[in-house]
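Visitor: Sequence first, then the predicted structure:
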Amino acid sequence: MLSINNISKSFGDVHALKNVSLDLKPGLFGLLGPNGAGKSTLMRTLATLQAPDSGTVTFEGQDIVKNPDAVRSRLGYLPQDFGVYPRMSAVALLNHIAVLKGITNKKEREAQIRSLLINVNLLKHKTASVATYSGGMRQRFGVAQAMLGNPKLLIVDEPTAGLDPFERQRFLDLLFEASEDKIIILSTHIVEDVRDLCPDMAIMGDGEIVARGAPEDLINKIRGKVYRKKVDKDQVEAMKEHYNVLSTRILMGGQIVSILSDTNPADGFQEVADPALEDAYFAHLYKLV
Ligand SMILES: Nc1ncnc2c1ncn2[C@@H]1O[C@H](COP(=O)(O)OP(=O)(O)OP(=O)(O)O)[C@@H](O)[C@H]1O
């Protein structure tokens with residue numbers, strides 16, 4: 001339904017997107033990558049806010065680069081920095097956005113807004129100014145505005161950063177429920193968000209897609225090859241010279257070093273029976289698999 005073919009985008013010397021290609025079907029798709037990987041650039045391109053330098057994007061058979069207006073009504077976008085609101089009530093702001101999205105019938109608009117406010121659990125707070133909402137409430141409001149018009153493509157850029165665990169879970173549940181009949185692209189650097197709810201994902205690094213598949217498939221590529229060991233802090237640098245270090249983590253005064261190795265390195269390392277998606281993420285990002 002969404003087909004991204006060889007898109008590239010540069011800002012001066014920075015190649016933010018390098019020949020990115022992806023085909024997506026309805027469901028939740030996780031896009032993982034570090035800061036600066038190009039995720040937001042890709043999201044903005046799909047949201048028709050920025051044209052690529054080259055390549056094509058088609059959604060339900062229509063070229064969205066050549067014909068952005070044709071898809072805008074079927075598109076919902078929750079940008080990374082959706083956080084500045086006028087002093088308007090939630091219901092008034094949704095009404096305003098619905099009109100902008102072309103939902104001109106008042107009855108239809110009111111019914112949709114009510115149903116969305118129920119879904120995102122904000123009906124009780126509908127007359128409060130969105131500027132007074134907590135971070136979690138704002139993000140849920142952000143989803144409500146993005147879902148106005150029942151878009152078949154929903155793009156959410158780093159939505160859970162800054163949310164407490166309860167609000168994060170509530171937000172992710174909301175996305176999961178909405179994913180049945182639409183493509184939802186969840187761009188994030190929070191690995192657990194993707195592991196918990198995306199059946200399909202990609203890892204982006206330095207403007208490129210470095211891996212694509214189900215989280216379990218990406219993990220399977222490193223199964224039996226991840227080893228961990230606790231070391232002193234001052235040993236970490238030497239470790240990096242000898243091994244393919246995936247990550248280091250402070251644990252009670254020491255450092256847990258995770259490495260990728262085709263053979264058992266012995267040297268006090270223990271094989272990790274069940275590697276985490278985070279291990280797979282680093283292994284693919286560093287192009288070790
Ligand atoms: N409008 C712009 N002008 C100049 N450089 C830009 C612009 N937008 C993005 N970039 C650069 O393109 C690269 C990719 O940025 P992008 O925001 O897409 O990454 P990201 O993966 O979303 O990272 P983050 O998680 O930090 O938002 C970065 O080097 C960034 O500085």
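Guide: Noted; the coordinates are in hand. This one's a predicted model, so the numbers in the text were calculated from it and none came from an experiment. Residues are numbered from 1 along each chain as shown.
Visitor: use CA for all of it now, contacts and neighbours both
Guide: OK.
Visitor: What's opposite the most centrally placed residue in the chain in the beta bridge?
Guide: With distances taken as CA atoms, centre = their mean, the chain has residue 187 as the residue nearest its mean C-alpha position (1.6 Å). Taking DSSP bridges as the rule, residue 187 bridges to residue 31, residue 157.
Visitor: three-state assignment of residue 176?
Guide: When classified by DSSP: H, G, I helix; E, B strand; the rest coil, residue 176 comes out as helix.
Visitor: separation between it and the ligand?
Guide: Distance of residue 176 to the ligand, given as CA to the nearest ligand atom, to the nearest Å: 22 Å.
Visitor: who's in contact with that residue?
Guide: Remark: with contacts taken as CA atoms under 8 Å, 6 or more residues apart in numbering, residue 176 is in contact with 28, 197.
Visitor: likewise residue 71?
Guide: Neighbours of residue 71 in contact, by CA under 8 Å, 6+ apart: 59, 62, 64.
Visitor: okay, now the first one: neighbour count?
Guide: The local packing of residue 59 (other CA atoms under 10 Å) involves 21 other residues.
Visitor: thinking it is in contact with residue 23, fair?
Guide: No: judged on CA atoms under 8 Å, residue 59 makes no contact with residue 23 at a distance of 9.9 Å.
Visitor: Touching both of these two, which residues are there?
Guide: Listed as contacting both residue 59 and residue 23 by CA under 8 Å, 6+ apart are 1, 2, 3.
Visitor: Residues of the protein that sit close to the ligand?
Guide: With CA under 6 Å from any ligand atom as the criterion, the chain meets the ligand at residues 11, 14, 16, 33, 34, 35, 36, 37, 38, 39, 40, 41.
Visitor: Surely the fifth one forms part of a strand?
Guide: If I follow you right, that is residue 34. No: note on residue 34: no strand contains this position according to three-state DSSP, which reports coil.
Visitor: Quick check, it in contact with residue 189.
Guide: Yes: counting by CA under 8 Å, a contact exists between residue 34 and residue 189, whose distance comes to 5.8 Å.
Visitor: and the gap between residue 35 and residue 248?
Guide: Plainly put, residue 35 is 18 Å away from residue 248 if you go by CA to CA, to the nearest Å.
Visitor: which of these two has more neighbours?
Guide: Neighbours were tallied for residue 35 and for residue 248 using other CA under 10 Å; the higher tally belongs to residue 248 (18 against 12).
Visitor: I'd say the more buried one and residue 255 touch.
Guide: Yes: assessed by CA under 8 Å, residue 248 is found in contact with residue 255 at 6.3 Å.
Visitor: what residues are shared contacts of the two?
Guide: Common contact partners of residue 248 and residue 255 (CA under 8 Å, 6+ apart): residue 236.
Visitor: ok, the spatially closest residue to residue 262 that is not a sequence neighbour - contacts?
Guide: Nearest non-adjacent residue to residue 262, counting by CA to CA, 6 or more residues apart in numbering: residue 225, 5.5 Å away. Contact partners of residue 225, counting by CA under 8 Å, 6+ apart, are 260, 261, 262, 263, 264, 271, 272.
Visitor: which residues touch residue 202?
Guide: With contacts taken as CA under 8 Å, 6+ apart, residue 202 has the following neighbours: 29, 30, 31, 32, 209, 210, 211, 212, 213.
Visitor: Helix, strand, or coil at residue 287?
Guide: With three-state DSSP as the basis, residue 287 sits in coil.
Visitor: Leaving out sequence neighbours, find the closest residue to it.
Guide: Residue 287's closest residue in space is residue 210 (CA to CA, 6+ apart), at 7.4 Å.
Visitor: Many thanks, I have nothing further to ask.
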